[in-house]
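Enquirer: show me how the following folds:
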Amino acid sequence: MNPSAEAVSFAELGLRAELVAALAALGYEEPTPIQREAIPRLLEGRDVLGQAATGTGKTAAFALPLLQRLPEGRSATTPLGVVLVPTRELAVQVSEAVHKYGRNLGVRVLPVYGGQPVPRQVRALERGVDVVVATPGRALDHLGRGTLRFDDIEVVVLDEADEMLDMGFAEDIETILDALPGERQTVLFSATLAPRVDKIVRRHLRDPVRVTTDNERREPGEAPAVRQQAYIVSRANKPAALGRLLDVEAPNAALVFCRTRDEVDQLTESLNGRGYRGEALHGGMNQEQRDRVMGRLRSGTADLIVATDVAARGLDIKQLTHVVNYDVPASPDTYVHRIGRVGRAGREGVAITLAEPREHRMLKTIERVTKHKIAIEQIPTVADLRARRLELTRAGLEESLLGDDLDGFRVVVESLSDQFDLMSIALAAVKLAHEASGAASAEEEEIPDLAPADERYGGGARPPRAQGRGRAPSAGMTRLFVGLGRSAGVRPQDLVGAITGEAPVRGREIGAIEITDRFSLVEVPEAVADQIVAALRGVTIKGRRATVRRERSDGAPSPRAHRAPR
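Expert: A predicted model of the protein is given here:
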């Protein structure tokens, strides 16, 4: 595959109009890399060996060409195609996908798996089906009973072949393949091509075309300076998990990628219902609508965009700090292209991927191709979220103490001090400020963490968080507090330029930069932090002089703080 190759539409792949219409109705805008490679070969009648993990779009890659073969008004009772899968869950999932893709063709599809009453499956087979999606054991059972006949089979698909072999289905698969007609098309998809898989390929596939989501012929480009992390979460908990992460990370601007238009619209509505300022962006929008969305983001009216890959092409969002993969991308190339939108101008961006347990293999594939580790992290707890919200309140109050004219409020404090001590007055003021921000109003529940315990944080224990902050500084780094933020027009490049221009540090040595309305936090190497603080004394940023000091982990002011004279 050539990652720079111009994308084609489903219609250009040669699919019949009914299938193209069904895909458009489902919100699919363009083929994934594995679909672009596999579908034309399968339509030609070739056997195909595909190396692809869950989440790459491989179900549509084999299902659409299979459905293309269905004669109009087919009434035969015996199936035309059979798909073998390792688990009942995947059998149901693939069956539902085939049904949706082939709805306009009137396709009859039946999942056949253990745990479901055999008589019910027998009755459905007797009524007639076009495609059977089966686990090997139950398929072999029906074959022995004579209730599943292979007389008219034209296509057989082995989906997740390595999984089936790992589960001990090797002998069943061989028996089933031997019972199929010799003149047929055989398709095999596997995340890995282990020797046992290769044995089946050599025996049962005829001159197969190999397609893969891994581009082994290219050297991976230099990865951007991006903090890459993933969270293993169930599909039902993804909206809540995304909201939790947005709260803790507090991005200046975020770009959330979804697979389909429908998912974009649904997620945007869900996020806005939770109080976020999100805008949808997909191929169903005209240029005027796209321009309106981008205008809202640049003006600060919106702080995140939910988009498909097609709609996000060509976007240049200078204030972008976070990219979120709401699903694991369909290929490593897509992943690299997405996260390359952040991590520029010498600063660290953040790439977050929400993965379902079944998509874990695709994460490993991306790691292998990009040669960069994706840290499996734990979803922030309710305690983490509350600490983060309190820290934002504390930081806002601190900046107000450092820079605002507070004399107009002195009379309130003095009148209350006759009845209450100053600590009680301060606590009440903080409580009101915290509640006024809306941070204390939401009822939060813990989100189940599905990540394997031995894979979180590279297999080690959970790293300590900075008290009150969303995360600890990177190893060997410390944070500096700069008393200017977005309201002063400060951008990341302004901070990088000021630091590198005055202190002995290069742009690539500067870590994460967080800019709020009234202050900024910059990660710098611990070894030169004091030199940077001293060097920035008296330096102007965007025409203004600012407080510059260390940010201590307990949130208390540092004795090394310097406030530049006005």
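
Enquirer: and the helix or strand in which residue 199 is found, what's its mean pLDDT?
Expert: Following DSSP states H and E, one finds residue 199 within helix 195-204. Average pLDDT, helix 195-204: 92.

Enquirer: what do you get for stretch 125-134?
Expert: For stretch 125-134, mean pLDDT is 96.

Enquirer: need the CA coordinates for that stretch. PDB is fine.
Expert: Written as PDB, here are the backbone C-alpha positions of stretch 125-134 (Å, rounded to 0.1, in the frame of the first residue of the first chain):
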ATOM      1  CA  LEU A 125     -31.400 -23.600   7.600                       C
ATOM      2  CA  GLU A 126     -34.400 -25.500   6.200                       C
ATOM      3  CA  ARG A 127     -36.100 -22.200   5.300                       C
ATOM      4  CA  GLY A 128     -33.100 -21.200   3.300                       C
ATOM      5  CA  VAL A 129     -30.000 -18.900   3.800                       C
ATOM      6  CA  ASP A 130     -27.500 -17.200   1.500                       C
ATOM      7  CA  VAL A 131     -24.700 -16.800   4.000                       C
ATOM      8  CA  VAL A 132     -23.800 -18.900   7.100                       C
ATOM      9  CA  VAL A 133     -21.500 -17.400   9.800                       C
ATOM     10  CA  ALA A 134     -20.500 -20.200  12.000                       C
END
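
Enquirer: could I get the CA-only coordinates of the helix ranked longest in the chain as CSV?
Expert: Counting by DSSP state H, the longest helix found in the chain is helix 382-403. The C-alpha coordinates for helix 382-403 follow below in CSV (Å, rounded to 0.1, in the frame of the first residue of the first chain):
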residue,chain,number,x,y,z
VAL,A,382,-13.6,9.9,40.2
ALA,A,383,-11.0,10.9,42.8
ASP,A,384,-8.6,11.9,40.0
LEU,A,385,-11.3,14.0,38.4
ARG,A,386,-12.2,15.8,41.5
ALA,A,387,-8.6,16.5,42.3
ARG,A,388,-8.1,17.9,38.8
ARG,A,389,-11.2,20.2,39.1
LEU,A,390,-10.0,21.4,42.5
GLU,A,391,-6.6,22.2,41.0
LEU,A,392,-8.1,24.2,38.2
THR,A,393,-10.0,26.2,40.9
ARG,A,394,-6.8,26.7,42.9
ALA,A,395,-4.8,27.8,39.9
GLY,A,396,-7.5,30.3,38.9
LEU,A,397,-7.6,31.8,42.4
GLU,A,398,-3.8,31.9,42.5
GLU,A,399,-3.6,33.9,39.3
SER,A,400,-6.3,36.2,40.6
LEU,A,401,-4.3,36.8,43.8
LEU,A,402,-1.2,37.6,41.8
GLY,A,403,-2.6,39.9,39.2
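
Enquirer: packing partners of it?
Expert: Contacts defined by 3 or more C-beta pairs under 8 Å, 6 or more residues apart in numbering; DSSP states H and E place helix 382-403 against helix 238-249, helix 422-436. Yep, even glycine has a C-beta here, placed from its N, CA and C like the rest.

Enquirer: can you say which of those is nearest to residue 156?
Expert: helix 238-249 (33.8 Å; C-beta to C-beta).

Enquirer: and the angle from the closest one to helix 382-403?
Expert: Going by axes from the mean of the first three to the mean of the last three C-alpha atoms, to 10 degrees, helix 238-249 is angled at 30 degrees with respect to helix 382-403.

Enquirer: distance from helix 238-249 to the middle of the chain?
Expert: Centre-to-centre, helix 238-249 and its host chain are 12 Å apart (C-alpha atoms, centre = their mean, to the nearest Å).

Enquirer: I'd like the next helix or strand past it.
Expert: Later in the chain than helix 238-249, the nearest helix or strand by DSSP H and E is strand 254-257.

Enquirer: for that following strand, packing partners?
Expert: Against strand 254-257 (3+ C-beta pairs under 8 Å, 6+ apart) you get strand 304-307, helix 309-312, strand 322-325.

Enquirer: redo those as JSON lines? Include mean pLDDT.
Expert: Below are the helices and strands packed on strand 254-257 laid out as JSON lines (pLDDT from 0 to 100):
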{"stretch": "strand 304-307", "mean pLDDT": "91"}
{"stretch": "helix 309-312", "mean pLDDT": "78"}
{"stretch": "strand 322-325", "mean pLDDT": "94"}
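
Enquirer: among these, which is the most enclosed?
Expert: With neighbours taken as mean count of other C-beta atoms under 10 Å, the helices and strands packed on strand 254-257 reach their highest mean count in strand 304-307, at a mean of 26.

Enquirer: where does the closest residue to residue 326 other than its chain neighbours land on pLDDT?
Expert: Once flanking residues are discounted, residue 326 sits nearest to residue 258: 4.9 Å by C-beta to C-beta, 6 or more residues apart in numbering. Here the pLDDT value assigned to residue 258 is 93.

Enquirer: out of the helices and strands packed on helix 382-403, which gets the lowest mean score?
Expert: helix 422-436 (a mean of 81).

Enquirer: residue ranges with poor pLDDT in the stretch 51-200 of the chain?
Expert: 53-55 (pLDDT under 70).

Enquirer: hey, where'd the helices end up in it?
Expert: 58-68, 88-101, 118-127, 136-145, 161-166, 170-179, 195-204 (DSSP state H, counting those that start in this stretch).

Enquirer: for residue 82, find the nearest of the ones you listed.
Expert: Across the helices of the stretch 51-200 of the chain, closest to residue 82 is helix 136-145 (C-beta to C-beta), at 7.1 Å.
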